[in-house]
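Using only what follows, build the 3D model:
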Amino acid sequence: MSDNTIYIIDVTNRDGVQTSQVGLAKIQKTMINIYLDRMGVMQSEAGFPTTNHETNYLQGNIELTEVGALKRLRISGWLRAIKADIELAREMVPDLEHINISISTSPQMISGKWKGKKNLSNVIDMMTEALTRAVELGFTTVGANAEDASRTGIDDLVQFARAAKEAGAARVRYCDTVAYDDPFTIYERMRALAEEVGIELEVHCHNDLGMAVATSISGAKGAIDGGVDVYMNTTVNGIGERAGNADLLSCLLAVKKSAGMEGRYRLDPSIDLKQSWRLAKYAAYAFGLPMPVNQVGVGRNAFAHESGIHADGALKEARNYELYDFEELGRGEPEIVETGRMITTGAYGGIKGFRNVYDRLEIEFHSDEEAREILDLVRLSNVSTQKPLTEDELRFIANYPDEARKILTLTPHQEPAIKEKRTRVTRKVSFPWDIPAN
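Numbering: from 1, shown residues only. Below you'll find the model as predicted:
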């Protein structure tokens, strides 16, 4: 067994929601975090601290960690590697502890984005300035992201990573931004980076060539073989920009069950695969993207057998045609579909129907006033999601009404000083090179 460990940083609530034409309401992002926490995932890249509509949601989820609703999961934010962004994030989400700062490192990106105005040395200077400021402002962990690392020369990556380590980075994220790597190249590059710099690494892979899981596993293996801990970036059901990201469950099963990884590479022992089915099913519902029938582990046909030889073999001994058991993923319980009278609650639900729904969940309210307060939050949640609320969403609102109210609150109002600063920092689509110092 390796001396180092593979951890998970799930990026569904940041990279996943950037998927074109889909998205999540803030309560749905919160539920994803709750399920990730139950699954034992170490960290959720939960959103964008300098985006106005994310601040209440992020602060509310941080408060959920403080009251014990999120027991292990760390809430983190994504930022551009710009000093002004770091300062703005500290003001907008003051209790945020964990961030990743990102900047492009490849010749393609540097040339294509900045048209000769910047070079690698400038990029490293910007990253270190932002990182140094983040450390000064008391962020607990800061990861430095090398966007398009797979098209960046290894010597340049080593230079970037060394500068990040010296400036106080906890990790460097190797981003296979356009899925240029294959499992062989990423292994060698991640191992070289680990051996040369000696800093913990993240592996962040996209699926444009259909290899995101394979490259994530191989990159993780390279980092471990190079002597450092590694943090695989995943998304639930592989949702992500363009062709998606590395699927969370596929990566976990590959580490635990594949020939080259099983028993040789240590996975974070907090991971509980039995939460996989509930998480995947909820994400599919929330995103409005049904799981493919052949989705690894959780698809409708993942444990289905029809051909004679296969059915006979599986009935005699499941391991003949199944590498792992469906019970390991939390599957197997029957799902009940109501075919008679249904009482539901939503945006226009009344108190009688609302109390009937919560009675079925065995949740009692101490007074009509308390019930009406929760009803208002349920109505607001339904307006936000435009979907019937799940039982877990209803339970969350009843158990954590104060945090739910904050998470559900979207407001264009900001303190005038923060509003002016945010406008100045974010007015340009690309990096604002000429931001005033004060």
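
what does stretch 175-182 rub up against?
Applying C-beta atoms under 8 Å, 6 or more residues apart in numbering, the external contacts of stretch 175-182 come out as 102, 145-151, 186, 189, 203-209, 211-212, 214-215, 219, 243. Yep, even glycine has a C-beta here, placed from its N, CA and C like the rest.

Can I get the buried part of those as one ChimeraX selection?
Remark: buried members of these, expressed as a ChimeraX selection using 16 or more other C-beta atoms under 10 Å:
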select :102,145,146,147,148,149,150,151,186,189,203,204,205,206,207,208,209,211,212,214,215,219
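
Now go through the contacts of stretch 175-182 and say which are in helices.
Judged by DSSP state H, the subset of the contacts of stretch 175-182 located in helices is 186, 189, 212, 214-215, 219.

how about these in JSON lines, adding distance to Glu403?
Putting the ones in helices among the contacts of stretch 175-182 into JSON lines (distance: C-beta to C-beta, whole Å) gives the following:
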{"residue": "Ile186", "distance to Glu403": "39"}
{"residue": "Arg189", "distance to Glu403": "42"}
{"residue": "Ala212", "distance to Glu403": "33"}
{"residue": "Ala214", "distance to Glu403": "39"}
{"residue": "Thr215", "distance to Glu403": "37"}
{"residue": "Gly219", "distance to Glu403": "36"}
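
May I ask which two of these are separated the most?
Maximum pairwise distance among the ones in helices among the contacts of stretch 175-182 (C-beta to C-beta): 15.9 Å, between Arg189 and Ala212.

quick one: the residue of the chain most remote from its centre from Lys316, how far?
Largest separation from the mean C-alpha position in the chain: Gly308, at 40.9 Å (C-alpha atoms, centre = their mean). Distance of Gly308 to Lys316, given as C-beta to C-beta, to the nearest Å: 12 Å.

Can you give me every residue that contacts the residue lying closest to Thr185 once chain neighbours are set aside?
Closest residue in space to Thr185, ignoring its immediate chain neighbours: Ser150 at 7.5 Å, by C-beta to C-beta, 6 or more residues apart in numbering. Ser150 makes contacts with 106, 174-181, 185-186, 189, as judged by C-beta under 8 Å, 6+ apart.

Let's see which of those residues end up in strands.
Among these, the members falling in strands are 174-176 (criterion: DSSP state E).

With neighbour count and distance to Met342 added, can I get those in JSON lines?
Below are those laid out as JSON lines (neighbours: other C-beta atoms under 10 Å; distance: C-beta to C-beta, whole Å):
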{"residue": "Tyr174", "neighbour count": "29", "distance to Met342": "50"}
{"residue": "Cys175", "neighbour count": "24", "distance to Met342": "46"}
{"residue": "Asp176", "neighbour count": "30", "distance to Met342": "46"}
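
Out of the ones in helices among the contacts of stretch 175-182, flag the one nearest to Asn4.
Asn4 lies nearest to Gly219 out of these, by C-beta to C-beta, at 13.6 Å.

Tell me who's in contact with the closest residue in space to Ala146 that isn't next to it in sequence.
Among residues not flanking Ala146 along the chain, Thr105 sits closest, at 4.4 Å (C-beta to C-beta, 6+ apart). Residues counted as contacts of Thr105 (C-beta under 8 Å, 6+ apart) are 120, 123, 146-149, 152, 156-157, 160.
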